[in-house]
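Visitor: test case, fold it:
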Amino acid sequence: MPQPQPQKHIPIRLFGILLTVLVLGTTLILLGGLAEGSEKIYPGVKMKGINLGGTTLEQAQRQLEALALEVETTPVTLMQGEHAYSLTWSALGVGLDIPVAVGRVWAVGREQDFRQRLVSIWQARTKGIEIPVPYAFREEMAMDIGKQVGASFSRLPVDAALEITEEDQVLILPAQPGWQPDTARLREQIERSIASGELPKVLEIRMTEVQPSISTQMVKELGISGLVASFTTPFNPQNVNRSENIRVAASALDNLYISPNEEFSFNRIVGPRSTEAGYKNALVIQGNEFVQGIGGGVCQVSTTLYNAVLLANLPVVERRRHSLPVEYVGKGLDATVVYGYVDLRFRNNTGNHLLVKTKIENGDLTVKIFGSPEKHPRVKILNEVEAILEPPLVQRPDPSLPEGKMVVEQKGGKGFRTLVRRIVEIGGQEFTEEISRDTYPPIPRVIRIGTAKTTVQIQEQPSGGI
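Guide: Next comes the predicted model:
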């Protein structure tokens, strides 16, 4: 029977020598690679399948520029529902960031410690290293494209509003939602694609609903359902400048909403009366006479509003009479205003919003106040002249006139003491409120009386001789 032969084993010492030789050989190869790649990109380094190993920086940049052109001209389709729009990735602001790309492929085997560098070089040589594509993204270009694509499908939202008919009916125009392209979602799609390193062939543009800033419910909650009060005063349309001043001031009040508990100020809403604001020269009352001034006629607007406020049963905070009665309204019912000095103010105590509307037609100025007529009591305004004040007579000596001659310098005018009351009917009962007591002082009648003495000169005739 043959005897079993003893197994041959590699001596441990010889194994250690072989391992050392292998490690030294690999190290020498890698060290050689280090020396070889000192001016070039290390072998096996790739980007998007392009082998950049062994190329200089200039050579790598040229290849990456070609890759960038390929990326930028790659077609992509934007889908908006069933509608397709063909364009390129460069139109969406997407391209290759060449400086970053060059830096990344050059950094392989250079930016780590010595041992890690050797590992990176070995991995590149044996398996290859694929460097992710560094995309550049100009977000604003994608947003613009998204808006352009969705423009034909976009619709602005429509705020709810009140409409007042010619018959003073209050209609609520319901709000309507709008539509706009969801550019934020488009941006997210592009950013995810860039992060994954794969640019898809199709992107989707969705439309998103845009809600109006004023909803139908918000308009309903204003509590405006009908006409509460209206007042009209006449003016002469032939007085062009004064008519224009009335129009400018009235337009500032038109479509004005007054919130619950808000204190209205005429001067705050209408603003300064200046040529820059569109006001012209017209007669104004100054002292006890009419003179030319900027904004003549604005007080007719404040007066008309004041009377509508009285009829709307609103509390008046500030009001002042003119120094003279005016023709367009009853005595005691006027309200003068002077910007920065004299104001017309009242408060909305109704618990709901009020809407002021103004209208100028055929020489009439009308101010209307809309609110909740179902909550509004019946109101009557009574004004009466309690006393007529006769003008005093003022005689002034005038040495420039012959003695006894009289000239009327100022005709004068009567004054008045007035009382205005508001009668409110609530639940079948009437309540009377005193609104104002005014005194319009009389204008003196001034007469100049001559005091110059007249002299008679006698001329003697010369005597004749015989």
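Visitor: and the residue lying closest to residue 214 once chain neighbours are set aside, how many neighbours?
Guide: Leaving aside its chain neighbours, residue 214 sits nearest to residue 159 (3.8 Å; criterion: Cβ to Cβ, 6 or more residues apart in numbering). Any C-beta I mention is one placed from the backbone N, CA and C, and that applies to glycine too. The number of residues packed near residue 159 is 16, by other Cβ atoms under 10 Å.
Visitor: measure residue 125 to residue 108 for me?
Guide: Separation of residue 125 from residue 108 (Cβ to Cβ, to the nearest Å): 11 Å.
Visitor: the more surrounded of the two?
Guide: Neighbour tally, residue 125 and residue 108, criterion other Cβ under 10 Å: the higher count belongs to residue 108, 23 against 18.
Visitor: which residues does the closest residue to residue 153 other than its chain neighbours contact?
Guide: The shortest distance from residue 153 to any non-neighbouring residue, by Cβ to Cβ, 6+ apart, is to residue 207 (5.7 Å). Shown in contact with residue 207 (Cβ atoms under 8 Å, 6 or more residues apart in numbering): 80, 150, 153-154, 179-182.
Visitor: one more: residue 334?
Guide: By Cβ under 8 Å, 6+ apart, residue 334 lies in contact with 299, 303, 306, 321-322, 325-326.
Visitor: ok, now with 6 Å
Guide: For residue 334, the contact set (Cβ atoms under 6 Å, 6 or more residues apart in numbering) comprises 303, 321-322, 326.
Visitor: same check on residue 228?
Guide: Counting by Cβ under 6 Å, 6+ apart, residue 228 touches 312, 369, 371, 373, 376.
Visitor: which of the helices or strands spans residue 119?
Guide: helix 114-126 (DSSP states H and E).
Visitor: between the contacts of residue 334, which has the most around it?
Guide: Comparing the contacts of residue 334 by number of neighbours (other Cβ under 10 Å), residue 303 comes first, having 26 neighbours.
Visitor: next one: that residue from residue 268, what distance?
Guide: Using Cβ to Cβ, we find residue 303 at a distance of 18 Å from residue 268.
Visitor: and residue 364, by the same measure?
Guide: The gap separating residue 364 from residue 268 is 26 Å, by Cβ to Cβ.
Visitor: what does residue 150 give?
Guide: 42 Å.
Visitor: try residue 181
Guide: When distance is defined by Cβ to Cβ, residue 181 is 42 Å away from residue 268.
Visitor: and those two? which has more neighbours close in?
Guide: For residue 181 versus residue 268, the count of surrounding residues by other Cβ under 10 Å is larger for residue 181: 23 against 11.
Visitor: skipping adjacent residues, who's closest to the more buried one in space?
Guide: According to Cβ to Cβ, 6+ apart, the nearest residue to residue 181 is residue 150 (2.7 Å).
Visitor: ok, now residue 273?
Guide: Closest residue in space to residue 273, ignoring its immediate chain neighbours: residue 295 at 3.1 Å, by Cβ to Cβ, 6+ apart.
Visitor: contacts only, for the one you found.
Guide: 245, 273, 279.
Visitor: distance between stretch 166-178 and the chain's centre?
Guide: 22 Å (Cα atoms, centre = their mean, to the nearest Å).
Visitor: residues making contact with it?
Guide: Stretch 166-178 has contacts (Cβ under 6 Å, 6+ apart) with 155-163, 209-212, 215-216, 219, 224-227.
Visitor: same thing but 10 Å
Guide: The contact list for stretch 166-178, computed with Cβ atoms under 10 Å, 6 or more residues apart in numbering, reads 154-165, 207-220, 222, 224-227, 230, 355, 357, 359, 368, 370-371, 373.
Visitor: quick one: mean pLDDT over that stretch.
Guide: The average pLDDT within stretch 166-178 is 95.
Visitor: just the buried positions in it, please.
Guide: Neighbour-count burial for stretch 166-178 flags 170, 175, 178 (criterion: 16 or more other Cβ atoms under 10 Å).
Visitor: and for stretch 104-116?
Guide: 104-106, 108-109.
Visitor: which element, helix or strand, includes the nearest residue to residue 154 once chain neighbours are set aside?
Guide: What sits nearest to residue 154 in space, not counting adjacent residues and going by Cβ to Cβ, 6+ apart, is residue 180, at 5.1 Å. Under the criterion of DSSP H and E, residue 180 resides in strand 178-181.
Visitor: can you give me the buried ones in the helix or strand following that strand?
Guide: Going down the chain from strand 178-181, the next helix or strand is helix 183-196, by DSSP H and E. For helix 183-196, burial by neighbour count (16+ other Cβ under 10 Å) applies to 183, 186-187, 189-190, 193-194.
Visitor: can you tell me which helices and strands the helix or strand just after helix 183-196 packs against?
Guide: Downstream of helix 183-196, the first helix or strand assigned by DSSP H and E is strand 202-204. Secondary-structure packing of strand 202-204 (3 or more Cβ pairs under 10 Å, 6 or more residues apart in numbering; DSSP states H and E): strand 75-80, strand 83-88, helix 139-151, helix 183-196.
Visitor: any weak-confidence spans in the stretch 151-300 of the chain?
Guide: Across the stretch 151-300 of the chain, the ranges flagged by pLDDT under 70 are 281-293.
Visitor: 80 - rerun?
Guide: The model of the stretch 151-300 of the chain has pLDDT under 80 over residues 281-295.
Visitor: which stretches of it form helices?
Guide: Under the criterion DSSP state H, counting those that start in this stretch, the stretch 151-300 of the chain contains helices at 183-196, 216-220, 240-253, 266-270, 298-311.
Visitor: in PDB, list the C-alpha atoms belonging to the last one.
Guide: Put plainly, it is helix 298-311. C-alpha atoms of helix 298-311 as PDB (Å, rounded to 0.1, in the frame of the first residue of the first chain):
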ATOM      1  CA  VAL A 298     -65.500 122.500  -2.100                       C
ATOM      2  CA  CYS A 299     -67.700 123.600   0.800                       C
ATOM      3  CA  GLN A 300     -70.800 122.700  -1.200                       C
ATOM      4  CA  VAL A 301     -69.500 119.100  -1.300                       C
ATOM      5  CA  SER A 302     -68.900 119.100   2.500                       C
ATOM      6  CA  THR A 303     -72.400 120.700   3.000                       C
ATOM      7  CA  THR A 304     -74.200 118.200   0.800                       C
ATOM      8  CA  LEU A 305     -72.400 115.300   2.600                       C
ATOM      9  CA  TYR A 306     -73.300 116.900   6.000                       C
ATOM     10  CA  ASN A 307     -77.000 116.900   5.200                       C
ATOM     11  CA  ALA A 308     -76.800 113.200   4.000                       C
ATOM     12  CA  VAL A 309     -75.100 112.400   7.300                       C
ATOM     13  CA  LEU A 310     -77.800 114.100   9.300                       C
ATOM     14  CA  LEU A 311     -80.500 112.100   7.400                       C
END
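Visitor: noted, bye for now.
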